[in-house]
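Asker: This is a predicted model, with the sequence first.
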Amino acid sequence: MNRTTPLILAVALFMENMDSTVIATSLPAIATDIGTSPIALKLALTAYLVSLAIFIPISAWMADRFGAKLVFRVAIGVFMLGSVACAISGSLGEFVLARFLQGMGGSMMTPVARLVLVRTTEKSGLVAAMATLTIPALVGPLIGPPVGGFITTFFAWHWIFLINIPIGALGIWLSGRFLPEIPPEATRPIDVRGFFLSAIAASGVVFGLSVVSLPALPPMVGVVTIAVGLAAALLYIRHARRTPYPLLELKLFANPVFRTAILGGSLFRVGVGAAPFLLPLLFQLGFGLSPFQSGMITFATAAGALSMKFVAPKILKSMGFRTVLTVASVASAGLMAANALFTSQTPYLVILLVLFLAGFLRSLFFTSSNALVFADIEAAQSGQATAISAVAQQTSVALGVAVGGGALELWSLATGQAIGGAGFTFAFLTVALISGLPALMYARMAADAGGSVSGHRLRRREADEPQQL
C-alpha cells in the first residue's frame, strides 16, 4: 500500500465531514441574508442527509463500473460544484437544492474512499489505514461549529463553502497523481427497482428522523416518512431475496463477523452519535458558554481521537477485536454517563480529561469496527460491504441525533420543565446505555475473529511454534 493513500483520502473526507457541520453556527446569518428563518433553513441540513441516503447504495456499483479512483475524483468535483452553488444561493429553495447537490458528491466520497483503501491495502495493514481514515469523521464535526462561527463572524458566511474549492482542487490533483489505478471490474446489471426501494427506505428514515429531531416541519411529517421508509425497507428485503443481482447484497449478513460489525457498530453510533448534539447544548444552555467556548472544550474529543491513531494497530494486535471492541464499548458508555454529572461548577480540567478519553475510545472503536467489516469477506464482496456499511452508518448517526433530542424533549414533557440540567442528565444516561449494548454482541465473537486483520491470531500462533519444535 502506498502510505500516502490514506492521507489523501482522509483530506477529502475531512472537507466533507467538516462541511456537514460547519454551517450549524452560521444558520442565522445565512437565513437573514437569503430572507428565511433559521428553523426553515434546517431543511438544507436535512436535504444533505437525504441525498447521502439516496445515492450511497449505488456507490459500489458506480465504483466497479467506472473505476473507484475516477468516481472518487468526480465525487470531489460534484461536491465542489455544490459548494459554489451554496455560496451563491439567494433563496431557501436554491440553498436546499445546492446542499442536495453537495450530498450527491459526498455520497460517493466516503464509501468509495473506503473501497479504494480496502482494495489497495493488505489485510495486515488495514487497521493502520483505517485509523487514518477514521480521524476526519471524528475531528470534522467537532471543529466545524467553531470554524463556521469564526468565518461568519470575521468574514462572511459564503466563505464556509468557498474554502472547499482550493481544498477540493488539491484533493483532485493529489488523488490523480498519487492514488493507485484501480481498473473497472465486471459489473452486474444495475438493480433499478432495488435502487428506488433503497432510496425511499433510507431517505424516508433519515428525513423522518431529521424532522423529528430538528423542528423545521411538524413532527407528524417525520413520523409518516419514517413509516414509509420502513415499509420500503421491508419491500427491499423481500425484493433482494428474489432478484439475482440485488443492489445491496443482504446475504453478507450470513457472515457472523460482518453481521456483528455492522449491527454492533450501528448501535454504538446511535449512542455516541448524540454526543456532538448534546454537549454543545449542555455547555451553551446549561453553562451559559458562547458557541466558540463550547467548541474549544469539545475539541478535547478530537485531540483524543488523533492520539489513538498511533496506538490502534498495537492495541488490536495485542488484544484482538473481541476484547478491544467489548472494552471500548463499555468504557465509552461509562464516559458518556460521566457527562451526565457535569455541572457549571465541574472543573474544566476534569471535563477536558473525560472528553479526551472519550475521543480516544470512540476513535479506537470506530477504527476497529470499520476494519472488522472487511476482516472476513472476500475481496470481490468489498464493494457491497462498503455500501452496506455506509448506509448503516448514515442511518445510525441520524438516529443518534434523534434519540438525543427526543430524550431531552421527553424529559421536558414529562416534568413540565424547560430543558436544563436534569434533562441533560436523563439524555446522557439514555444514550450511554445504548452505546454500551454492543458489548453483548462483541463478547460472543470468537477470540481470534478478524485475526488476519488485527494480527492477534497470527501472533498467538507464532508464540506457540517454539513449543511445537
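Answerer: Noted; the coordinates are in hand. Everything numeric here is computed off the predicted structure, so don't read it as measured data. Numbering: from 1, shown residues only.
Asker: Give the buried residues for stretch 114-134.
Answerer: Buried residues in stretch 114-134, counting neighbours by 16 or more other CB atoms under 10 Å, are found at 114-121, 123, 125-134. Every residue, glycine included, has its C-beta placed from N, CA and C.
Asker: Check which helix or strand A12 maps to.
Answerer: In this assignment (DSSP states H and E), A12 forms part of helix 4-22.
Asker: Does anything pack onto that helix? Which helices or strands?
Answerer: Applying 3 or more CB pairs under 8 Å, 6 or more residues apart in numbering; DSSP states H and E, one finds that helix 4-22 contacts helix 68-87, helix 92-120, helix 126-154, helix 159-162, helix 164-178.
Asker: Tell me the gap between the fourth one and the middle of its chain.
Answerer: The chain centre lies 22 Å from the centre of helix 159-162; the measure is CA atoms, centre = their mean, to the nearest Å.
Asker: ok, residues contacting that helix?
Answerer: D19, V22, I23, S26, S83, V84, C86, A87, V147, G148, I151, T152 (CB atoms under 8 Å, 6 or more residues apart in numbering).
Asker: can you rerun that using 7 Å?
Answerer: For helix 159-162, the surrounding residues in contact (CB atoms under 7 Å, 6 or more residues apart in numbering) are V22, I23, S26, S83, C86, A87, G148, I151, T152.
Asker: coming back round to it: so for the helix holding A12, what's the average pLDDT?
Answerer: Computed over helix 4-22, the mean pLDDT rounds to 75.
Asker: For burial, what's the neighbour tally of M104?
Answerer: 18 (other CB atoms under 10 Å).
Asker: Okay, now the unreliable bits of the stretch 151-300 of the chain?
Answerer: Within the stretch 151-300 of the chain, the ranges that satisfy pLDDT under 70 run 186, 213-216, 291-292, 295.
Asker: and if we set it to 80?
Answerer: Residues of the stretch 151-300 of the chain that meet the criterion pLDDT under 80 lie in 151-154, 180-188, 209-219, 273, 276-277, 280-281, 284-286, 289-296, 298-299.
Asker: G450 against F374, yeah?
Answerer: No: if you go by CB atoms under 7 Å, G450 and F374 don't touch, sitting 9.0 Å apart.
Asker: circling back: next structured bit after the helix holding A12?
Answerer: The C-terminal neighbour of helix 4-22 among helices and strands, as given by DSSP H and E, is helix 27-34.
Asker: Between helix 68-87 and that following helix, find me the angle.
Answerer: Interaxial angle, helix 27-34 versus helix 68-87 (axes from the mean of the first three to the mean of the last three CA atoms, to 10 degrees): 60 degrees.
Asker: which strands and helices sit next to helix 27-34?
Answerer: Packed against helix 27-34, as judged by 3 or more CB pairs under 7 Å, 6 or more residues apart in numbering; DSSP states H and E, are the following elements: helix 38-55.
Asker: Name the nearest residue to G208, ignoring sequence neighbours.
Answerer: Leaving aside its sequence neighbours, G208 sits nearest to I226 (CB to CB, 6 or more residues apart in numbering; 3.3 Å).
Asker: actually A75, not the one I wrote
Answerer: M108 (3.5 Å).
Asker: Let me see the contact set for the one you found.
Answerer: M108 makes contact with F55, S59, M62, V71, A75 under the criterion CB under 7 Å, 6+ apart.
Asker: hmm, back to that, what's the closest of the helices and strands packed on helix 4-22 to S198?
Answerer: helix 92-120 (12.3 Å; CB to CB).
Asker: Just the element for T346, please.
Answerer: Using DSSP H and E, T346 sits within no helix or strand.
Asker: before we move on, what SS does P184 have?
Answerer: coil (DSSP: H, G, I helix; E, B strand; the rest coil).
Asker: which residue packs closest to it, ignoring adjacent ones?
Answerer: Counting by CB to CB, 6+ apart, the residue nearest P184 is G67, at 4.6 Å.
Asker: same question, I54
Answerer: Excluding the flanking residues, the one nearest I54 by CB to CB, 6+ apart is A199, at 4.4 Å.
Asker: My guess is that neighbour contacts S51. True?
Answerer: No: taking contacts as CB under 7 Å, A199 lies outside contact range of S51: 10.2 Å.
Asker: Common neighbours of the two, please.
Answerer: Taking CB under 7 Å, 6+ apart as the contact criterion, no residue touches both A199 and S51.
Asker: And the strands in the stretch 251-400 of the chain?
Answerer: For the stretch 251-400 of the chain, strands defined by DSSP state E, counting those that start in this stretch do not occur.
Asker: Tell me where it has helices.
Answerer: With helices called from DSSP state H, counting those that start in this stretch, the stretch 251-400 of the chain shows them at 256-272, 275-281, 291-308, 312-339, 348-373, 382-415.
Asker: Relative to M109, how far out is the nearest residue to A379 once chain neighbours are set aside?
Answerer: Leaving aside its sequence neighbours, A379 sits nearest to R119 (CB to CB, 6+ apart; 7.2 Å). Separation of R119 from M109 (CB to CB, to the nearest Å) stands at 16 Å.
Asker: swap in V147?
Answerer: 19 Å.
Asker: between the two, who's got more neighbours?
Answerer: Neighbours were counted for V147 and for M109 using other CB under 10 Å; M109 has more, 27 against 20.
Asker: what's around the nearest residue to that one once chain neighbours are set aside, how many residues?
Answerer: Nearest residue to M109 in three dimensions, chain neighbours excluded: A75, at 4.6 Å (CB to CB, 6+ apart). A75: 29 surrounding residues under other CB under 10 Å.
Asker: dump the residue contacts of A75.
Answerer: Going by CB under 7 Å, 6+ apart, the list of residues near A75 reads G105, M108, M109, V112.
Asker: cutoff 10 Å now
Answerer: A75 makes contacts with 12, 16, 55, 59, 62-63, 104-113, 168, 171-172, as judged by CB atoms under 10 Å, 6 or more residues apart in numbering.
Asker: Show me the domain layout of this structure.
Answerer: 1-181, 191-246, 251-460 (automatic domain parsing).
Asker: before we move on, the earlier item: right, and the helices and strands packed on helix 4-22 - which one's nearest L433?
Answerer: L433 lies closest, by CB to CB, to one member of the helices and strands packed on helix 4-22: helix 126-154, at 21.9 Å.
Asker: Hmm, L197 is touching L230, no?
Answerer: No: counting by CB atoms under 10 Å, L197 stays clear of L230, with 11.9 Å between them.
Asker: and the two? which has more neighbours close in?
Answerer: A count of neighbours by other CB under 10 Å puts L197 above the other of L197 and L230, at 25 against 14.
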